[in-house]
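*Asks:* Fold the following, please.
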Amino acid sequence: MVNEHELHEHSVFYKTMMTGLFVGIIDTLICLAYNIFYRDLTGYVPSELINVSSLIFGVNLILLIIGMIYYLFKKASRGGDVIFGVVFLALTLLLAWKTEMIQRFADTQVNHEFRGLLLGVVLICGISAACLPLLYNSRKFSDFAI
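*Replies:* Coordinates of the predicted model:
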């Protein structure tokens, strides 16, 4: 006879990928809200790079891929969770620092507003990515989302 719990067991790859996807969906909603709030607050208008479509598809795809990368960290080392978190926090800090150096527009004000919008998206996604191990290891999250 098959145990009820055994029917709901999933592979590590499946769980890491689905955790990344779930976080991606949540991050998409947060980034969309941030996009609306930031644009209303600053009056920033250009939307060639950061827009609704790029946020919906980009954030979900990035977090799904990060979930798969998390799987590689888990498989590579017993301390993969900690190493992954540290690596993605460091990567987030590096990308945040690099974001502050971007020169996309000749207009200083518009360029400053673009950097603020991009920085918010980078921080939202980066912090969430670094927290994937916490969600993956949470029994409540696993029961709810996976």
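
*Asks:* For the rest of this, base every contact and every neighbour count on C-alpha atoms.
*Replies:* Will do.

*Asks:* Going along the chain, name the helices of this structure.
*Replies:* Using DSSP state H, the helices assigned to the chain run over residues 4-7, 12-42, 52-54, 60-76, 80-99, 108-130, 132-137, 139-145.

*Asks:* could you dump the ones you listed to a markdown table with mean neighbour count?
*Replies:* Converted to a markdown table, those look like this (neighbours: other Cα atoms under 10 Å):
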| stretch | mean neighbour count |
| --- | --- |
| helix 4-7 | 8 |
| helix 12-42 | 19 |
| helix 52-54 | 13 |
| helix 60-76 | 20 |
| helix 80-99 | 17 |
| helix 108-130 | 19 |
| helix 132-137 | 19 |
| helix 139-145 | 11 |
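
*Asks:* I'd like those laid out as a markdown table, including mean pLDDT.
*Replies:* Rendered in a markdown table, the data for the helices of the chain read as follows (pLDDT from 0 to 100):
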| stretch | mean pLDDT |
| --- | --- |
| helix 4-7 | 45 |
| helix 12-42 | 96 |
| helix 52-54 | 96 |
| helix 60-76 | 96 |
| helix 80-99 | 97 |
| helix 108-130 | 97 |
| helix 132-137 | 94 |
| helix 139-145 | 80 |
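
*Asks:* what about the most centrally placed residue in the chain, distance to residue 85?
*Replies:* The residue at the geometric middle of the chain, judged as the C-alpha nearest the mean C-alpha position with Cα atoms, centre = their mean, is residue 125 (3.0 Å). Residue 125 sits 13 Å away from residue 85, taking Cα to Cα, to the nearest Å as the criterion.

*Asks:* swap in residue 74?
*Replies:* Residue 74 is 11 Å from residue 85, where distance means Cα to Cα.

*Asks:* One more: residue 54?
*Replies:* When Cα to Cα is the yardstick, residue 54 and residue 85 sit 25 Å from each other.

*Asks:* ok, residue 42 touching residue 115?
*Replies:* No - taking contact to mean Cα atoms under 8 Å, the distance of 11.9 Å between residue 42 and residue 115 leaves them out of contact.

*Asks:* Please list all residues in contact with residue 97.
*Replies:* With contact set as Cα atoms under 8 Å, 6 or more residues apart in numbering, residue 97 has no partners.

*Asks:* whoops, residue 80 was the one
*Replies:* Taking Cα under 8 Å, 6+ apart as the definition of contact, the neighbours of residue 80 are 70, 73-74.

*Asks:* Cool, thanks, signing off.
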